[in-house]
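**Student:** next comes the sequence, and after it the predicted model I'd like to discuss.
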Amino acid sequence: MFNESWPWKRDLAHAAERLERARLGLPAVLDQAVDGELDGADSYEAEIEALYLVERDVMNGAFAVRRLLGMPSKVTKATRETKARVVRYPLRVGAKTPDVWDAIGDLTMYDREAPAEVMVTANEVCNLFVHSLIMRFAWTLESLALGDWWALDESDPRVECTPDELAGWLVASDKSSTQHLTFIPLRELVRIMRLFAEDEVTMVTNRRNPQGRMHSTAS
């Protein structure tokens, strides 16, 4: 449990802002790194560093939200009940569940042509990141949905374009990987992080259940 939640909420807000900037900013930085346009930086190290900074904000943000959810007096009931819209790609029938080595491959064991849009809790989103076996950056063209990018016909001239938007992440925990791969949009993760960062508790109600255990509800 956190001693005080406000420093975590403050940093959660900062991380959300950085991730929002990374949506279009990260592809640009990676292009500069590959082209050797970053002064005094080795191209490979610059690329890894740019990706790491985003990964750090994602993982720290997911951990912070998950811990805040575990403290009933620190987050209002309305915020605790928030959900995210994600897309799941099922494991193909008869396909082998991915192991650590498969997780860094092309992930063809999941059927990208059978997406299912679902609503999941903020806790489920965070657990996917914190316990991720697979965590893959998902790229697209600016303002083009990830599914539409994947579905472009080979004759479409846009297939020759370099993706310039970080759409989100393809993630799976060791448990969820046995059933599906989940696409979590960057905008959804940022929305959740901001919601928790801006949440203000004005009242805490404590009640004991028939077994004598104390339950707190924040509003």
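**Tutor:** Cool, the structure landed.

**Student:** so how far is residue 114 from residue 181?
**Tutor:** Computed as CB to CB, to the nearest Å, the residue 181 to residue 114 distance reads 11 Å. The way it works is simple: take the backbone N, C-alpha and C, and place the C-beta from them, glycine included.

**Student:** distance between stretch 175-194 and the chain's centre?
**Tutor:** Using CA atoms, centre = their mean, to the nearest Å, the distance from the centre of stretch 175-194 to the centre of the chain it belongs to is 5 Å.

**Student:** give the other helices and strands that the helix ranked longest in the chain contacts.
**Tutor:** When the chain is scanned for its longest helix (criterion: DSSP state H), the result is helix 6-34. Helix 6-34 is packed against helix 43-69, strand 165-173, helix 186-198, with contacts defined by 3 or more CB pairs under 8 Å, 6 or more residues apart in numbering; DSSP states H and E.

**Student:** partner strands of the shortest one, parallel or antiparallel?
**Tutor:** Looking at strand 165-173 with DSSP bridges, its paired strands and their directions are strand 132-140 (antiparallel), strand 180-185 (antiparallel).

**Student:** circling back: most packed of the helices and strands packed on helix 6-34?
**Tutor:** For the helices and strands packed on helix 6-34, the largest average neighbour count (mean count of other CB atoms under 10 Å) is found in strand 165-173, namely a mean of 22.

**Student:** report the rounded mean pLDDT for that strand.
**Tutor:** The average of the pLDDT scores along strand 165-173 is 98.

**Student:** which residues sit against it?
**Tutor:** Strand 165-173 is contacted from outside by 22-24, 26-27, 54, 58, 98, 103, 107, 127-129, 131-146, 149, 180-189, using CB atoms under 8 Å, 6 or more residues apart in numbering.
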